[in-house]
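Trainee: Fold the following for me, if possible:
(one chain, ligands or ions: 1)
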Amino acid sequence: MTQPNQHTRYKILAYIVGAFAFSFVLRLIWVYQYSDYEGFKFAGQFMINTNDGYYWAEGARDLWAGLHQLHDGSPLYEAPSVLTYALMKILPFSFETIIFYMPAFIGSLIVIPMILIGQNLKMLDVGFLAALLASIAVSYYNRTMVGYYDTDMLTIVFPVLLLWSLILALRTKEEKYLLITALEIIAYRWWYPQSYSLEFAFFGLILVYALLFDRKNRFNFELLTMMLFAMMGLPSMVRLGIVALVYLIFKQELYKKYMWYLLGVSIVLFFATGGFAPIWSQLKGYVFKDAIEVSKDALSLHFFSVNQTIREAGQIPFSIFAERISGHTVTFIVSVLGYGLLVWKKKEMFLGLPLLGLGFLAFFGGLRFTIYAVPICAFGIAYLLFTSSVYIQSLFINQNIGKVVKSGIVIFGSLAILYPNILHIIDYRVPTVFTKSEVDILQRLKRVADREDYVVAWWDYGYPIRYYSDVKTLIDGGKHSGDVNFPVSYMLTNNEEKAAKLARLEVEYTEQAYKRAEENQSVMNNTAQMTIDYQLKDANDFLDTLETNITLPSKTREIYFYLPFRMLSILPTIAQFSNIDVMSGKTSRQPFFFQSSRFKDSATTLDLGQGVVLEKNKGVIRLGTQEIPIKSFITTAYNQEKKFIKEEKLINPQGLFSMIYMQAYNTFLVVDEAMLHSSYIQLFVLENYDKRFFEAVILDPNAKVYKVKM
Ligand code: MN
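Mentor: Model prediction:
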């Protein structure tokens, strides 16, 4: 294989720099659009726009501070935290600046392997155009834009890098690509532990290729051996040592004869160390999907499975699928044809199939997979554009005219391919996770709360709360299965007494469970453990005793409830997790909650939409054909001194529903008695807290914080 000459090297470098700049600068459009908007900024910098990012941010913050608390869930040793911390050490920018710009910068690195692949297949221009498209194609942009601080920034870069080294390995048979491939696999797995499915798909493809077409070539089996060693179920450092050793062995002609033994050892070790286990468990996960989780303890409690609330992926419209991969349906169809042609002409590109295949899974298994098909489709369309332009050029007898026509086709074709994606970037105005005023509240909470204190909130807010307030939480973006969501849901949607007592129990039991797990004792679900500890056999009986004078565990720390306004709209979803009878798994109650901020007011009716209408004269709520009497009508507002005020009008003592008008939010609520007395409605909506159980800490219209007095 010939090495590129000096001129080509400069050209490659210029293409990489140009494509990288293109990718990065387009990501600044969002920054420009919101440059004057202070609501998205904190500490003089934009905040991030993905919830999970606050998880890595917490880890990096604690690495920087050099401290964290036992069992606080901070990911100190996870790759994104470590990389962020390393960048903080090197770069002169603030923490907030680094995490905000990191995805745009690191995500743009995808142009490097794209251009290198193009160069290697003797189609540098194709690689360049493909790099431009891949770097800004809809789904790739969405998940590597500024502020999208999550593992996504490298989850596509790594497999494209792997594609590059595998193509070179097969083309050149040079030993260095054995090592490079193995190192990429280790780095990819370190960054993104779920990477095994793609690694395994690449492995399978090379295995099939080697067995069918190139059986005599030892190099292919050396490559497979190295991949297996890199993919074993052992710590990164151990695998690093092993692949370095095996590489050195493969480099010695003398030891070549042991290659088959090494392959055998790698297969045995791969299975023995559980290398196949994650793939197997994923396959099982697809086959058995349960709606109800049953806890593995003496009581076999039943919990609501979180899978049920996540919208089932289902079939997505073809146009959306195509637009997310290529920006436009036409581009997508042409790019698939182009990829076919590319594989026909440049056989090594068949190695793109795992990425394309995973991307196509999106059509059945959820939009988030489309991102994987982006780089392969980009190669497809870029290749087709250049090949067809060369073909058209050859139709002209006059060479100069032919050249002009060719350039015209390439330029207009490129613009047409990129244009829909650029339009998408301009239109894609995603907000930050929190607003400045919400973060201000969490910062105030940080000054009040101790790092060992717990904050009770729905799991959506877990990571950001931990990041901004540096406290502990019961549930978060990674810990939200039915059994842990149950108590939090129960606290938020039951009365204050039950909420405060269960909060104390749940927090102390959670800490106790960590300790027991550390001492290798068996740990059962908290709710089951509490039931047994209170000498009951039925968890429902235990939950009922919360309203009696039970002895609570001794208090080791404070507990706060964080109740944001934004939780209002998801209250029905939250309630689902505790509307279940944990003993039988059946739905136990269905509290009524209806929210509307788009309504039509007339002299006799108030139409709240979705068939919910208040008959003013009759004092009833009409739900379709049903008429339900209103008990009371409550109005909340802020007066001129910004003081919270409320007014309650009793309409019918026998009424079943109550109406609440939250003037400051221009929102109407219709709730039944159970919902009305839920801690969220009482504490957040009405500020009607029972001083025996709660103490107000922060009362802001955006979010309210209460301390548990138990
Ligand atoms: Mn902490």
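Trainee: which residues does the residue in the stretch 551-700 of the chain positioned nearest to the ion contact?
Mentor: Ranked by Cβ to the ion, the top residue of the stretch 551-700 of the chain for proximity to the ion is residue 557, at 12.4 Å. (Each C-beta comes from the backbone N, C-alpha and C, glycine too.) By Cβ atoms under 8 Å, 6 or more residues apart in numbering, residue 557 lies in contact with 450, 452, 453, 454, 507.
Trainee: Show me which of the residues you listed are buried.
Mentor: In terms of neighbour count (16 or more other Cβ atoms under 10 Å), the buried residues within the contacts of residue 557 are 453, 454, 507.
Trainee: Tell me what the second one is bridged to.
Mentor: To tie it back to what came earlier, the one meant is residue 454. Using DSSP bridges, the beta-bridge partners of residue 454 come out as residue 472, residue 559.
Trainee: For it, give me the pLDDT.
Mentor: Per-residue pLDDT puts residue 454 at 98.
Trainee: Tell me how far it lies from the ion.
Mentor: Computed with Cβ to the ion, to the nearest Å, the distance linking residue 454 and the ion is 11 Å.
Trainee: Make sure that residue is actually in contact with residue 469.
Mentor: No: applying Cβ atoms under 8 Å, one finds residue 454 not in contact with residue 469, separated by 10.8 Å.
Trainee: Just give the number of residues close to the closest residue to residue 167 other than its chain neighbours.
Mentor: The spatial neighbour of residue 167 that comes closest, neighbours along the chain excluded (Cβ to Cβ, 6 or more residues apart in numbering), is residue 348 at 4.5 Å. Residue 348 sits with 19 neighbouring residues when counted by other Cβ atoms under 10 Å.
Trainee: same check, this time on residue 672
Mentor: If you count neighbours by other Cβ under 10 Å, residue 672 ends up with 18.
Trainee: wait, what's in contact with the residue nearest to it when sequence neighbours are not counted?
Mentor: If the residues on either side of it in the chain are set aside, residue 672 comes closest to residue 592, at 3.9 Å by Cβ to Cβ, 6+ apart. Residues near residue 592 by Cβ under 8 Å, 6+ apart: 657, 670, 671, 672, 675.
Trainee: so when I look at the second one, I'm seeing a strand, right?
Mentor: Yes: counting by DSSP: H, G, I helix; E, B strand; the rest coil, one finds residue 670 located in a strand.
Trainee: isn't it right next to residue 613, touching?
Mentor: No: with the criterion set as Cβ under 8 Å, residue 670 and residue 613 do not qualify as a contacting pair; they are 10.4 Å apart.
Trainee: Identify the contacts common to these two.
Mentor: Both residue 670 and residue 613 are contacted by residue 621, under the criterion Cβ under 8 Å, 6+ apart.
Trainee: Turn the contacts of residue 557 into TSV, including distance to residue 639.
Mentor: Listed next are the contacts of residue 557 as TSV, based on distance: Cβ to Cβ, whole Å:
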residue	distance to residue 639
450	34
452	38
453	33
454	34
507	36
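Trainee: Check the residues you listed against residue 243 and report the nearest one.
Mentor: Lowest distance from residue 243 to the contacts of residue 557 (Cβ to Cβ) belongs to residue 452, with 42.1 Å.
Trainee: Now residue 636: which helix or strand?
Mentor: In this structure, residue 636 is located in strand 626-638 according to DSSP states H and E.
Trainee: avg pLDDT for that strand?
Mentor: Confidence for strand 626-638, expressed as mean pLDDT, is 95.
Trainee: And it, what's buried?
Mentor: Going by 16+ other Cβ under 10 Å, strand 626-638 has these buried residues: 630, 631, 632, 633, 634, 636.
Trainee: ditto for stretch 162-172
Mentor: Using 16+ other Cβ under 10 Å as the burial criterion, the residues of stretch 162-172 that qualify are 162, 163, 164, 165, 166, 167, 168, 169, 170.
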